[in-house]
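Asks: Dropping a prediction and its sequence here:
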Amino acid sequence: MERVRLGKTDIETVPLGVGTWAWGDSLYWTYGKDYDSSQIKSAYDAAIAAGITLFDTAEVYGWGESERLIGQFIKPGDRPNLHLATKYMPLPWRIQPQVVHDAITHSLERLRLKTIDLYQVHQPCAFLMSQKTLLTALAEEVKQGRIRAIGVSNYSAKQMREAHDILAAHRVPLAANQVLYSILDRQIETNGIRDTARELGITILAYSPLAQGLLTGKFSLTRTPKGARQWIPRYGADGIAQIQPLLRVMRQVADQYQRTLSQIALNWLICQGQGAVIPIPGAKNAAQAEDNAGALGWTLDRVDVAAIAREARACQPKS
């Protein structure tokens, strides 16, 4: 199976990961109602069995529950090839470098690890701690060995370049920028993020690559999402109706390749980056994890990639 390097680090992974925002989260997602820890455990096991090596979480996902669950799931034999990514949230009251070190300690405890492979800044918010102070503290953690690589999330092209330059002064590469990217969410192609990432050798981790279910085809005018998504227009009946032409084109392509819509959507993203884009779709059960993993090991033809892109431009959902 193809492997790609995470930025300019020595971390190699397959070009697909697992996003774990929904693991333990009952504020936005419906953890504890529509699915539970046993189903999440089956998703983890299925992803590992399929060769997925990158799992992305954050200290705020389920207020630490996502990290705790992953820590419980990891088996002794998983770790040599397993890569764990988590995130630090720069909350307003976090004003001293020591809180950065403390946050890493707490994440390590929840994950039951000695080293975090990729530690990311969740949002580009400075508040009373500057980016220079924050990133310098993280660079120190790399040198101490508690984290292997540093990433950011939701950073603009300018913010990403500034973070890259701050870390470069410490001879530490900026490995990744985790941003919203899917067939329906392509702002990074025009706002400079993708181009800047390519220039600097920074990997794009694409979160919500299935547009939180819209690109799987499981929703319809009579079956809309539950939880917080039901209040967002693009997930309502009108928004779902608006993307039907795109889904029809994707189904035609899926039939040609004997693949599912999810696999088409994920492979389309993988094709954008030639190793520089890694989608991290969520999975709440084994079936979803296995379906997502089916996006690996093959490649969409350029003609099909272009056809999907054209239809997506003409078929944007309401924001």
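Replies: Yep, that arrived.
Asks: what about stretch 112-130, how long is it end to end?
Replies: 30 Å (CA to CA, to the nearest Å).
Asks: in this protein, which spans are helices?
Replies: Ranges of helices in the chain, per DSSP state H, are 37-49, 65-73, 97-111, 131-144, 157-168, 193-200, 237-242, 244-257, 261-273, 286-293, 302-313.
Asks: and those helices, which one is worst for confidence?
Replies: Confidence, taken as mean pLDDT, is least for helix 237-242 of the helices of the chain (a mean of 88).
Asks: Compute the distance between the nearest residue to V253 once chain neighbours are set aside and W298, please.
Replies: Distance criterion CB to CB, 6 or more residues apart in numbering; nearest residue to V253, sequence neighbours excluded, is D304 at 4.9 Å. Heads up, the C-betas are built off the backbone N, CA and C, glycines and all. Per CB to CB, to the nearest Å, D304 is found 12 Å from W298.
Asks: Looking at those two, which is more packed in?
Replies: With neighbours defined as other CB atoms under 10 Å, D304 and W298 compare such that D304 has more, 21 against 12.
Asks: residues of stretch 39-51 that come out buried?
Replies: 39-44, 46-48, 50 (16 or more other CB atoms under 10 Å).
Asks: next one: stretch 248-265
Replies: Quick answer for stretch 248-265 (16+ other CB under 10 Å): 249-250, 253-254, 259-265.
Asks: got these as JSON lines, with distance to I308 columns?
Replies: Converted to JSON lines, the buried residues of stretch 248-265 look like this (distance: CB to CB, whole Å):
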{"residue": "V249", "distance to I308": "6"}
{"residue": "M250", "distance to I308": "6"}
{"residue": "V253", "distance to I308": "7"}
{"residue": "A254", "distance to I308": "10"}
{"residue": "R259", "distance to I308": "13"}
{"residue": "T260", "distance to I308": "14"}
{"residue": "L261", "distance to I308": "11"}
{"residue": "S262", "distance to I308": "13"}
{"residue": "Q263", "distance to I308": "13"}
{"residue": "I264", "distance to I308": "7"}
{"residue": "A265", "distance to I308": "9"}
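Asks: Could you dump the helices of the chain into CSV with distance to E12 added?
Replies: Shown next, in CSV, are those (distance: least, CB to CB, whole Å):
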stretch, distance to E12
helix 37-49, 16
helix 65-73, 20
helix 97-111, 20
helix 131-144, 18
helix 157-168, 20
helix 193-200, 18
helix 237-242, 38
helix 244-257, 26
helix 261-273, 15
helix 286-293, 17
helix 302-313, 25
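Asks: Ok, which of those comes nearest Y207?
Replies: Judged by CB to CB, the one of the helices of the chain that comes nearest to Y207 is helix 261-273, at 10.9 Å.
Asks: So what touches that closest one?
Replies: Applying CB atoms under 8 Å, 6 or more residues apart in numbering, the contact partners of helix 261-273 are 15-16, 181-183, 194, 203-204, 206, 209-211, 215-217, 247, 250-251, 253-254, 257, 259, 277-279, 281, 291-292, 294-296, 298-300, 305, 308-309.
Asks: Thank you, goodbye.
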